[in-house]
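Asker: Got a predicted model here, sequence first, then my questions.
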Amino acid sequence: MNSDFLNDLNESQREAVLYTDGPSLVIAGAGSGKTRVLTYKIAWLLLQGLKPWSILALTFTNKAAKEMKERIANLVGIEQARYLQMGTFHSIFARILRANANRLGFSSNFTIYDQGDSRSLIKTIIKELELDDKTYKHTAVADRISLAKNHLMLPADYATSTVYQTDIERKQPHIIDIYKRYQERCHQSNAMDFDDLLVNTWLLFRNHEDIRKKYSEQFAFVLVDEYQDTNYAQQQIVSQISEERQMVCVVGDDAQSIYSFRGANIDNILDFRKQYNGAKLFKLEQNYRSTQKIVAAANSLIRHNERQIPKNVFSEKDEGDKLRWIQSYSDREEAAIVCKKIRQLKLSEQGHWSDFAILYRTNSQSRSFEEQMRKDAIPYRIYGGLSFYQRKEIKDIIAYFRLVANNDDEEAFRRIINYPTRGIGATTEGKIIDSANKFGVSLWQVISQPQMFQLNLSGATMKKIESFRTMVEEWTKALPDADAYELASTIYHVSGMHADIYSSREPEYQSKQENIEEMFAGLNTFIESRREEGSDNISLTDFLQEVSLMTDIDSDEAGDDKVSLMTIHSAKGLEFPSVFIVGMEENIFPSSQCAASARGLEEERRLFYVAITRAERHCTLTSAQYRYRYGNLDYNRPSRFINDIDPSLLYIDKSSGGIQMQNAHPVAHQFKADPMPKATASRYDLPSRFKPVSKSNQTTGLAKNHDLKPGDIIEHQRFGIGKVIQVEGYGENAKATIEFTNLGIKQLLLKFAKYVKR
DNA sequence: CACGTCACTGTTTTT
DNA sequence: CAGTGACGTG
């Protein structure tokens, strides 16, 4: 490797890459090649002789980490890239915590509680403390606890903080009690929530200097992506790790800080140079993404914010078109206009559907567009909504895996102790919990030694519990050596989950079946790809660890020619030739609650800035006068943000008002979308987390362009011989109804089915 | 213990 | 409107 790659950089990028004398802050305007700077900097560090494992690069999403790793591999080769310490804050810290769990009184197989788990635990605690669930709403309490943790405030600190004073003023003095008890329960369950992964890492380093030292010596250089979105805890941990050498490079854009509601603190980036004295500042100001007018319009908007690092983002691309603003009468008309514009633009630009994105403030706004696009036969894909891992059936099967891997996991225990029903009802469950609380042990310990923990139950109930316990125990014993897929499959069947899910042919159940299939397909892919990488970590436990820190956004099925519909938040980091920012109305964008405070309003404005800067060539804003919200018709004035844009860069389009709703399009039938049942409409369109690697799939069967028709005989890898009864849907969504000789009728999502034609 | 009915309550959400 | 959760009945 030589340093030729540096020629790909512009001057400011190169300066940022080459500086390795101390801490630095890289302010990367939208579209200015931020990822390029990060990856090249890492390559440069390697070239300087740094060992890959001594470079720590922290990102916010798995996707960003993966992308960066791939790009670095292209520069320096996979051999070096493989050993880079690169990943999300949470996954890197989880690894550190597993290695040192005993120091904190956890064991290394601890469970990671997701948001659902922690909320559910908080809910039970509120009940146990006999607090009024109207004053103490579990979601609000959870947010409050999360906020405390993001500020590294332990229950003990909480009592002396101003937060506690606020609680008292709000007549919620018991949040601290819930917090305390919540932490105890997590500990008893050998579980950490997402925030604990940060808090506990910080604690580990604070209380065990030898460990902190070890890591700070290992990580000779620390890089942080999206620094504007870090919270206090993350900032502190970075500081713990880099204390001695101060070799930190953080990259971000204060103008794109939009996650304060998750604890992100914009001051981290604004005050970075105060925290790291003498830190060097680099600004990447050339935007390579958008036309000049789009960049200028975005600049004119963000100028209205007080708190920011001054910068001059510019573009040398075409001048381009002004932003366009269209007002419509209603939300339905808004959707119709947008669809019409998309068609026109696609034609005039000779583009693809995937060149277009519709961005909105809230998920619920997707509805009118969905309806209209289905009517107009425009292919689309909605991002967001209920994620794969939040679906009940997936959470259930994962809960089994979790309990097997960590018997003390209370949330997993409670989820499945009586699912599928095995005659262990609420009363019994209550008694187990009481005993556990009384003795300060986990639920599992109570059922393991019922007499010791004074569990008083009838002989019949005891027997049921006993058999549940033995069942799980056996799996736990098998865990270390078992083939993950085999074990998972055993659990699925022996637990009775399989029978339950196949007990009906209702669409609801079919969708569950498909989702579980998909999970198993994912498990398979996981094992295969780990094997390909030469890793032995392919047990069910390894799968669990991977899965607990994964989200839907991480897999994207780009390549599909579809219009993207998503919230502005989830559009961050993406770009599209044409962007429609819809619902530009007061009370929606800016949302009424955020607009109440100056800080909140500035964040909304940054959100709008993010939205505009997603556009490469065309950016259209729309406002509707009337829209349905919560079942009634609301009137809203146009968003104040419209006025924030330099009028010379905004074209007010009046031509489209009052378009005819019954727009017949001659080409429409070509793209006819599936008539989807409404309950599952977006479900089939969701990203499949683990899209099987085409390689492995192609060998056994095929997925994309299936050639099945009714009457065909197939042999399925697991289900055996079957006859095709019916095929429906297209491409990604194609599924077949197949009658298997041994198993009866099943529905298969062909995307995942492994079979050969006979 | 399963299922039906009623009241309630609505941002954004990288892990 | 629609999804959720609490509660009561078979």
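Answerer: Noted; the coordinates are in hand. Numbers count the residues shown, from 1 in each chain, chains lettered A, B, ... in the order given.

Asker: After the host helix or strand of A:Glu514, which helix or strand is next?
Answerer: Secondary structure from DSSP states H and E places A:Glu514 in helix A:507-532. Under the assignment DSSP H and E, the closest C-terminal helix or strand after helix A:507-532 is helix A:540-548.

Asker: who's in contact with that following helix?
Answerer: Residues outside helix A:540-548 that contact it (Cβ atoms under 8 Å, 6 or more residues apart in numbering): A:94, A:98, A:109, A:111-112, A:114, A:389, A:398, A:401-402, A:404-405, A:479, A:482, A:484, A:487-488, A:523, A:526-527, A:530. In short, each C-beta sits where N, CA and C put it, glycine included.

Asker: Okay, now the sheet partners of the helix or strand just after that helix, with direction.
Answerer: Using DSSP H and E, the next helix or strand after helix A:540-548 towards the C-terminus is strand A:563-567. Using DSSP bridges, the strands paired with strand A:563-567 are strand A:356-360 (parallel), strand A:380-382 (parallel).

Asker: Geometrically speaking, which residue is the centre of chain A?
Answerer: A:Thr551 (3.8 Å; Cα atoms, centre = their mean).

Asker: At the contact with DNA strand B, which residues of the stretch 451-600 of chain A appear?
Answerer: Within the stretch 451-600 of chain A, the residues that sit near DNA strand B (Cβ under 7 Å from any atom of the strand) are A:549-551, A:553-554, A:566-567, A:569-570, A:572, A:591, A:593-594, A:600.

Asker: and which of these is nearest DNA strand B?
Answerer: Closest approach to DNA strand B among these (Cβ to the nearest atom of the strand): A:Thr551, at 2.5 Å.

Asker: close enough to count as contact, the closest one and A:Tyr389?
Answerer: Yes - if you go by Cβ atoms under 8 Å, A:Thr551 and A:Tyr389 touch, sitting 7.5 Å apart.

Asker: Now restrict the residues of the stretch 451-600 of chain A next to DNA strand B to buried residues only.
Answerer: A:Leu549, A:Met550, A:Thr551, A:Ile553, A:Asp554, A:Met566, A:Thr567, A:His569, A:Lys572, A:Ser591, A:Cys594, A:Gly600 (16 or more other Cβ atoms under 10 Å).

Asker: Just flag the most distant two among those.
Answerer: A:Met550 and A:Gly600 (30.6 Å; Cβ to Cβ).

Asker: How about the closest residue to DNA strand B within the stretch 51-200 of chain A: what's its closest non-neighbour residue?
Answerer: Proximity of the stretch 51-200 of chain A to DNA strand B (Cβ to the nearest atom of the strand) peaks at A:His90, 2.8 Å away. In space, and not counting its chain neighbours, A:His90 is closest to A:Leu197: 5.1 Å by Cβ to Cβ, 6 or more residues apart in numbering.

Asker: ok, the one you found touching A:Ile92?
Answerer: No - the criterion here is Cβ under 8 Å, and A:Leu197 misses it with A:Ile92 at 9.4 Å.

Asker: For the two, indicate the residue with more neighbours.
Answerer: For the pair A:Leu197 and A:Ile92, the greater number of neighbours falls to A:Leu197 (24 against 21), based on other Cβ atoms under 10 Å.

Asker: tell me which element the more buried one falls in.
Answerer: For A:Leu197, the host element (DSSP H and E) is helix A:194-207.

Asker: what's near enough to touch the residue nearest to A:His90?
Answerer: Taking Cβ under 8 Å, 6+ apart, we find A:Leu197 in contact with A:Phe89, A:His90, A:Phe93, A:Ala94, A:Leu97, A:Ile112.

Asker: Which of these fall within strands?
Answerer: Among the contacts of A:Leu197, DSSP state E puts A:Ile112 in strands.

Asker: wait, which of the contacts of A:Leu197 is closest to A:Gly105?
Answerer: A:Leu97 (11.7 Å).

Asker: show me the contacts for the closest one.
Answerer: A:Leu104, A:Phe106, A:Phe110, A:Met192, A:Leu197, A:Asn200, A:Thr201, A:Leu204.

Asker: Going by neighbour count, list what's buried in stretch A:243-250.
Answerer: A:Met247, A:Val248, A:Cys249, A:Val250.

Asker: if you look at the residues you listed, which of them are in strands?
Answerer: Using DSSP E, the subset of the buried residues of stretch A:243-250 located in strands is A:Val248, A:Cys249, A:Val250.
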